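Asks: sequence first, then the predicted structure:
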Amino acid sequence: MTSDDKLDSRYSKPQKKPDFILFYDGACPICIQEVRGLMRMNKQGKLAFQDINAASFKPENFQLSHAELMAEIHGLKVSGELIKGMPVFRELYSAVGLGWLIVPTAWPVLQPLFDYLYQVFAKHRHKLGQLFSHKTACQRCIK
């Protein structure tokens, strides 16, 4: 985990094998806030959380590079399928009982717009985190 944002481990280690593993950027203030909320809602232990910046994390174990993981959000389904982008959010919110909230992002008429908006967000998340958070964004991440 990143030094300035230690997440509560009691929320991040489910008692059973999780249905979905989220790979998140622990140096991103916005990402940290989202993960904390998901951890609180993860009462059934369906989710597990992996900070891609943790020293112990090895992206090659998932046939990915750190750069690929930093480019956009990724998640691993229990089936072994790796997904990225907006489908990850649909999995996350469904797992915590809020799937109905994000369903419109998959509607054919809206999906391209939400996919595009997510890509813009992903590219600028560290700068946005600096603007909208009291915490300083990871300086090496802002390009």
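Replies: Cool, the structure landed. Since the model is a prediction, treat every value here as computed from it, not as a measurement.
Asks: where's the residue lying farthest from the centre of the chain relative to Lys127, distance?
Replies: Centroid-distance maximum for the chain: Val109 at 24.6 Å, with C-alpha atoms, centre = their mean. According to C-beta to C-beta, to the nearest Å, Val109 and Lys127 sit 30 Å apart. Placement of C-beta: from N, CA and C, glycine included.
Asks: for the record, mean pLDDT for stretch 22-31?
Replies: Confidence over stretch 22-31, taken as the mean pLDDT, stands at 90.
Asks: what is the end-to-end distance of that stretch?
Replies: Chord length of stretch 22-31, first to last residue, is 11 Å (C-alpha to C-alpha, to the nearest Å).
Asks: again, but for stretch 93-105
Replies: One end of stretch 93-105 sits 12 Å from the other (C-alpha to C-alpha).
Asks: how far does it sit from the chain's center?
Replies: Put simply, stretch 93-105 sits 15 Å off its chain's centre (C-alpha atoms, centre = their mean, to the nearest Å).
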